[in-house]
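Asks: Predicted model and sequence follow; I will ask about them next.
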Amino acid sequence: TVYFILVSLSLLLNQVKIISGFFRTVYFLPFVTSTVAIAMVWNWMFHSNYGLINYFMGWFGIHPINWLTDPHYALLALIIMSIWKSLGFNIILFLVGLNNIDHGYYEAAEIDGANARQRFWNITIPMLSPITFLVSVNGIIGSFKVFDEIFALFQGTPTR
């Protein structure tokens, strides 16, 4: 699902040229921001009493969740924060991959009668496989370096 989100956002940013620079900057900012600052923001968003997420869930009649103190939700909160933090860098990588695909492949496929879905599955996805591999390896490496995120978000342990 993360791969689908990354490719979808990258394709969208690759198509919209007018404000793509602004959105590239917005998506990349979490990657260059301090982990402690990010954890403080997400700590506020996940707060059980005055957090933004519980506030929005209250609009739909959902009772507040103790995101950071309940072990069942703590892992989900950490995953959401980690994905959000690394999303921008991975989008930039996929944008580089999309821009490096030769348009001759698409033109040849269009001449051969391939529709947009066939061009996507038979040209775009295979040509993005090196970037997909790089993003996967970076994700695996990043999963071993989450101590600072856990310590900053939970002050050491989710059960405090």
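Replies: That came through, no problem. These numbers come from a predicted model, not from an experiment.
Asks: Which strands or helices does the longest helix anywhere in the chain pack on?
Replies: Longest helix in the chain by number of residues (criterion: DSSP state H): helix 71-99. Contacting helix 71-99 under the criterion 3 or more Cβ pairs under 8 Å, 6 or more residues apart in numbering; DSSP states H and E are the following elements: helix 2-15, helix 20-32, helix 35-45, helix 129-143, helix 147-154. (Glycine included, C-beta is placed from N, CA and C.)
Asks: Restricting to C-alpha, output the last one in PDB.
Replies: Presented in PDB, the C-alpha positions along helix 147-154 are these (Å, rounded to 0.1, in the frame of the first residue of the first chain):
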ATOM      1  CA  PHE A 147      15.300   4.200  18.100                       C
ATOM      2  CA  ASP A 148      15.300   8.000  18.000                       C
ATOM      3  CA  GLU A 149      11.700   8.100  16.600                       C
ATOM      4  CA  ILE A 150      10.500   5.700  19.300                       C
ATOM      5  CA  PHE A 151      12.300   7.500  22.100                       C
ATOM      6  CA  ALA A 152      11.200  10.900  21.000                       C
ATOM      7  CA  LEU A 153       7.500   9.900  20.400                       C
ATOM      8  CA  PHE A 154       7.000   7.800  23.500                       C
END
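Asks: quick check: angle from that helix to helix 35-45?
Replies: If you take axes from the mean of the first three to the mean of the last three Cα atoms, to 10 degrees, helix 147-154 sits at 30 degrees to helix 35-45.
Asks: quick one: average pLDDT of stretch 153-160?
Replies: Stretch 153-160 comes out with an average pLDDT of 68.
Asks: for stretch 121-130, same thing?
Replies: Computed over stretch 121-130, the average pLDDT equals 95.
Asks: out of the helices and strands packed on helix 71-99, nearest to Ala74?
Replies: Among the helices and strands packed on helix 71-99, the nearest to Ala74 by Cβ to Cβ is helix 147-154 (6.7 Å).
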